[in-house]
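1. model the structure of this input:
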Amino acid sequence: MLIVGAGAVGGFIAEELARIGFSPLCLVDPDTLEVENLVRHPLGAPDLGQSKALALAGKIRRDFPSCDATGHHADFLGLHVDQQRSLVGAADVVVAATDSAACQRHVNRVALAVGKPAVYPAIWVDPQIRDAEVGEILWVLPGRRTPCYECAAAFR
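-> Next up, the predicted model:
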């Protein structure tokens, strides 16, 4: 499984997948853990300043030794197209848990091109409702008549 985004949403998804036996897990995230992340992230104060993807992969390997977790401290958008396709192609499912709509749209295009299912978990806001009151999980299953991410999220 490939998880693009190892922040609050992607981090907890990765831990829960490892807990129930998913392996391998590949985490991609360009960010480092900052103080403001501590209240909503599975990593703690000892990991401040560390790569979220690398530190979380290490934590998962320690906590769930049967899980082969790897981390890539990288922006998925900045990876060479061949590496993007390779990461997506090696996964059974891609989880796009980033807070970047541009990255999610790009993951959608790569997953569709490679023919891999992708899931887009999100908490989002709308000016007419209060912050973080809408949660959604969108599955894109190539060849199964589901909408692609760009079609389903076009209203945003």
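
2. what about stretch 43-58, distance to the chain center?
-> Per CA atoms, centre = their mean, to the nearest Å, the displacement of stretch 43-58 from the mean C-alpha position of its chain is 15 Å.

3. which of the residues in that stretch are buried?
-> 43, 47, 51-58 (16 or more other CB atoms under 10 Å). For glycine as for every other residue, the C-beta is placed from the backbone atoms N, C-alpha and C.

4. mind exporting the C-alpha coordinates of that stretch to PDB?
-> Extracted C-alpha coordinates of stretch 43-58, given in PDB (Å, rounded to 0.1, in the frame of the first residue of the first chain):
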ATOM      1  CA  LEU A  43       4.500  10.700  16.300                       C
ATOM      2  CA  GLY A  44       5.500  12.500  19.500                       C
ATOM      3  CA  ALA A  45       7.900  15.100  20.900                       C
ATOM      4  CA  PRO A  46      11.000  12.900  20.400                       C
ATOM      5  CA  ASP A  47      10.500  13.100  16.700                       C
ATOM      6  CA  LEU A  48      10.300  16.900  16.400                       C
ATOM      7  CA  GLY A  49      12.200  18.100  13.400                       C
ATOM      8  CA  GLN A  50      12.300  14.600  11.800                       C
ATOM      9  CA  SER A  51      10.800  13.600   8.500                       C
ATOM     10  CA  LYS A  52       7.200  12.500   9.100                       C
ATOM     11  CA  ALA A  53       7.500   9.700   6.500                       C
ATOM     12  CA  LEU A  54      10.800   8.300   7.800                       C
ATOM     13  CA  ALA A  55      10.000   8.600  11.500                       C
ATOM     14  CA  LEU A  56       6.600   7.100  11.100                       C
ATOM     15  CA  ALA A  57       7.900   4.200   9.100                       C
ATOM     16  CA  GLY A  58      10.400   3.600  11.800                       C
END
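
5. how about the contacts made by G78?
-> Going by CB atoms under 8 Å, 6 or more residues apart in numbering, G78 touches P30.

6. same question for the one 10 residues further on.
-> Taking CB under 8 Å, 6+ apart as the contact definition, V88 lies against 2, 94, 107, 110-111, 114, 116.

7. which helix or which strand is home to it?
-> With elements taken from DSSP states H and E, the one containing V88 is helix 81-90.

8. I am finished for the moment; much appreciated.
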